[in-house]
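*Asks:* Fold the following.
(3 chains)
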Amino acid sequence: MFKALIGAEKLKDSIESISTLVDEARFRLTPQGLSVKAVDPANVAMVSFELSKDAFESFDATEGELGIDLTKLIGVMEMAEKSDNIELELDEASHKLIVRMRGLAYTMSLLDPSSIRKEPKVPTLDLPAHIVIRGEDIKRAVKAAEKVSDYMSMGVKGDVFFMEAEGDTDKVHVELGKSQLIDLQGTDAKSLFSLDYLSDMSKILGKSNEVNIDLGKDFPLKIRIKIAEGHGEVSYMLAPRVESE
Amino acid sequence: MFKALIGAEKLKDSIESISTLVDEARFRLTPQGLSVKAVDPANVAMVSFELSKDAFESFDATEGELGIDLTKLIGVMEMAEKSDNIELELDEASHKLIVRMRGLAYTMSLLDPSSIRKEPKVPTLDLPAHIVIRGEDIKRAVKAAEKVSDYMSMGVKGDVFFMEAEGDTDKVHVELGKSQLIDLQGTDAKSLFSLDYLSDMSKILGKSNEVNIDLGKDFPLKIRIKIAEGHGEVSYMLAPRVESE
Amino acid sequence: MFKALIGAEKLKDSIESISTLVDEARFRLTPQGLSVKAVDPANVAMVSFELSKDAFESFDATEGELGIDLTKLIGVMEMAEKSDNIELELDEASHKLIVRMRGLAYTMSLLDPSSIRKEPKVPTLDLPAHIVIRGEDIKRAVKAAEKVSDYMSMGVKGDVFFMEAEGDTDKVHVELGKSQLIDLQGTDAKSLFSLDYLSDMSKILGKSNEVNIDLGKDFPLKIRIKIAEGHGEVSYMLAPRVESE
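*Replies:* Now for the predicted structure:
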């Protein structure tokens, strides 16, 4: 069984943090909350999402799995005001999800979880450089980098975190020292990533005051943010593109 | 003769309540005010519009008829600020309408009223159920219903007013009890309507704090709102779609 | 050499006042400031732009010329907040322009000035009528005129400044007396201009509280505004279209 009540804005932010990578997802239910692990169709990026029952006004669930069309769910949530509460209830008989808000009930068919890509195994990575940065600083760098290239490198050199992109004639270089960051730890690192993915992610990250980045040398990137006032977490992993030199 | 002065926002709301159904309309002038009756090209919906001379800062008219291109008139009104007054004057010599605002005069050719569809006879309907509802509640239901179907039913069952739409896999159900409505009177009723029309109308209704709905069993719908601070009224009539069962 | 610091909004307004006519421009540098003179591809309009070093937080330049892709520069400036300062620096070695804002550096290739159309000679015109008008009044008249024609005439008759456009069936007439203008001097005048150009210019002029217009009889139009809080000036010259009668 599953029945839960949550603020519309929290739910919207949560779902969008997943839908930036995949259109459909398996939601894992436990009495403690919701979680999703998904990998994008091209196997380049992975999202790991957790939302504790404390993020909800009320939350009742037994172990289970729901296959959800994220695009459709976001469409339904657009009918809510930011300050509304949204009720989610699994109708066991029809196996549909009922989304309720202010007198309106939307009965949404669920996807067969087995038709959705299996949950990926999230690899444990030991990344040497750790940066804590404002989301808007990533968003701005990504937006600038897109003007000159399809790829952007992120790295640490001494006390400086940098993001840079180089096109045929123009280039973008962003440098943030310790004083402009929230934190910077670890050794030098540098990897190159696809801006397609960084651009999608930065729409989510841009709203966050504190983004945790773990970096290595030609290694995947790990980005973590808190959501739902600290009662949830989203982390993205993004494969590096190896520079062809 | 016709010469009148009116607040830009009142005029804009008035014209848009007609243009949601038809692009051209015959405006009937009397010393007491303006009125329009029009039916949409597909004969499914009808609008009946009345604006008293009390809605105007000043109003002088003799009996007459003006054929107006509503799309063009709305385009001209976009040049006004909300707080502007707009002067409308019929130039008898050239038979054109002069629209004036802050030093700008737009001289608009009129349409030959006989080239515009004749005024329909508005049927008198004796509908058993009467609902008074906030416009935004209709707008939200229509928006949700459009996600699942092309049709929406509206009805009354006991003390509840409902709007619902059913698609192949998903459905939308909105239920408003007496406490969530402004008023509810009469007996049970239910009819099915095209969302194309309800969607156009709900753009106008959505701004109104008090929408009067009259409903029957597989009968046309009648919707009435006050406009221009009570000095005018718009009513729509919409034919039902008979459920093919 | 060239190195300068300026408020983002001032720079953006400046560049846009030029890019409304041309996509690429030669910027002339002197120790006293920047200037541009450019003519549009069809030879119908001319812009003359001057920005004094006093518009800058700091300004250091020797005599020189920079070929700048205005569309690209505007794209880069979109990354700045209105309240940011933007630093422009010429990298002599690579002959590129570095645009810096809050830790972000965009290195932009310059165009070969000789590949850009030569600076036009700005003709000296002795125009008999002089009008000072609010920019928004021009913008509104142009917007209305576009609804009926591709051309608009501007003129002075006695104590009145008028703008008018005539289409096949409709016409627009705007009349502003001395009390609705900031100033009006000189003798009667009237010329006809292309609305394509007036529309582009009015986007810039619309933001200005004080637009100086000089008019003649079937003569070019000259329009001047101050920019950057009085530390710069943009003037446009627009060829008349001779009425075919």
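
*Asks:* Regarding the most far-flung residue of chain A relative to its centre, what is its secondary structure?
*Replies:* Within chain A, the residue lying farthest from the chain centre (CA atoms, centre = their mean) is residue A:169, at 32.8 Å. Look at residue A:169: counting by DSSP: H, G, I helix; E, B strand; the rest coil, its state is coil.

*Asks:* Give me the distance between residue A:81 and chain B.
*Replies:* Computed as CB to the nearest CB, to the nearest Å, the residue A:81 to chain B distance reads 9 Å. No exception for glycine: its C-beta is placed from N, CA and C like everyone else's.

*Asks:* Distance of the residue farthest from the centre of chain A relative to chain C?
*Replies:* As judged by CB to the nearest CB, residue A:169 and chain C stand 4 Å apart.

*Asks:* Surely that residue touches residue C:111?
*Replies:* No: using CB atoms under 8 Å as the test, residue A:169 is too far from residue C:111 to be in contact (10.3 Å).

*Asks:* give me phi/psi at residue A:178?
*Replies:* Note on residue A:178: its backbone torsions stand at phi -50, psi -40 [degrees, to the nearest 10].

*Asks:* can you tell me which residues contact it?
*Replies:* A:159, A:184 (CB atoms under 8 Å, 6 or more residues apart in numbering or on different chains).

*Asks:* Likewise for the one 3 residues further on?
*Replies:* Neighbouring residues of residue A:181 by CB under 8 Å, 6+ apart: A:131-133, A:161.

*Asks:* same thing with residue A:182?
*Replies:* Counting by CB under 8 Å, 6+ apart, residue A:182 makes contact with A:132-134, A:210.

*Asks:* what domains does the record give for chain A?
*Replies:* The record's domain parsing of chain A by automatic domain parsing lists A:2-114, A:129-225.

*Asks:* pLDDT on the first one, on average?
*Replies:* Right, domain A:2-114. For domain A:2-114, mean pLDDT rounds to 96.

*Asks:* Same check on the shortest one?
*Replies:* Taken as a whole, domain A:129-225 has an average pLDDT of 96.

*Asks:* distance between the ends of that domain?
*Replies:* One end of domain A:129-225 sits 17 Å from the other (CA to CA, to the nearest Å).

*Asks:* what do you get for stretch A:66-79?
*Replies:* With CA to CA as the measure, stretch A:66-79 spans 22 Å from end to end.

*Asks:* centre of the chain versus that stretch, how much separation?
*Replies:* Distance, stretch centre to chain centre, for stretch A:66-79: 16 Å (CA atoms, centre = their mean, to the nearest Å).

*Asks:* try stretch A:176-187
*Replies:* The answer for stretch A:176-187 is 22 Å, by CA atoms, centre = their mean.

*Asks:* Could you give the number of residues near the residue of chain A found nearest chain B?
*Replies:* Using CB to the nearest CB, residue A:109 is the residue of chain A that sits closest to chain B, at 3.7 Å. Number of residues near residue A:109 (other CB atoms under 10 Å in any protein chain shown) recorded here: 16.

*Asks:* Bridged to it, which residues?
*Replies:* Beta-bridge pairing for residue A:109 (DSSP bridges): residue A:96.

*Asks:* Could I get the contacting residues of it?
*Replies:* By CB under 8 Å, 6+ apart, the contact set of residue A:109 is A:96, B:169-170.

*Asks:* any idea how far it is from residue B:165?
*Replies:* 15 Å (CB to CB, to the nearest Å).

*Asks:* need the contact list for residue A:231.
*Replies:* A:51-52, A:54-55.

*Asks:* Report the secondary structure state of residue A:193.
*Replies:* What three-state DSSP gives for residue A:193 is strand.

*Asks:* how deep is it tucked in, by neighbour count?
*Replies:* Using other CB under 10 Å, residue A:193 has 24 neighbouring residues.

*Asks:* just to revisit the earlier point, from the contacts of residue A:182, which two are the most distant?
*Replies:* Between any two of the contacts of residue A:182, the greatest separation by CB to CB is 8.9 Å, found for A:132 and A:134.

*Asks:* Name the residues contacting each of these two.
*Replies:* Contact with both residue A:132 and residue A:134 is made by residues A:182, A:210-211, according to CB under 8 Å, 6+ apart.

*Asks:* What is the nearest of the contacts of residue A:181 to chain C?
*Replies:* Ranked by distance to chain C (CB to the nearest CB), the contacts of residue A:181 are led by residue A:161 at 9.8 Å.

*Asks:* what is that closest one paired to in the beta sheet?
*Replies:* residue A:156, residue A:176.

*Asks:* Show me what from chain A comes close to chain C.
*Replies:* Residues of chain A lying close to chain C by CB under 8 Å from any CB of the partner chain are A:137, A:140-141, A:143-144, A:147-148, A:169-176, A:180.
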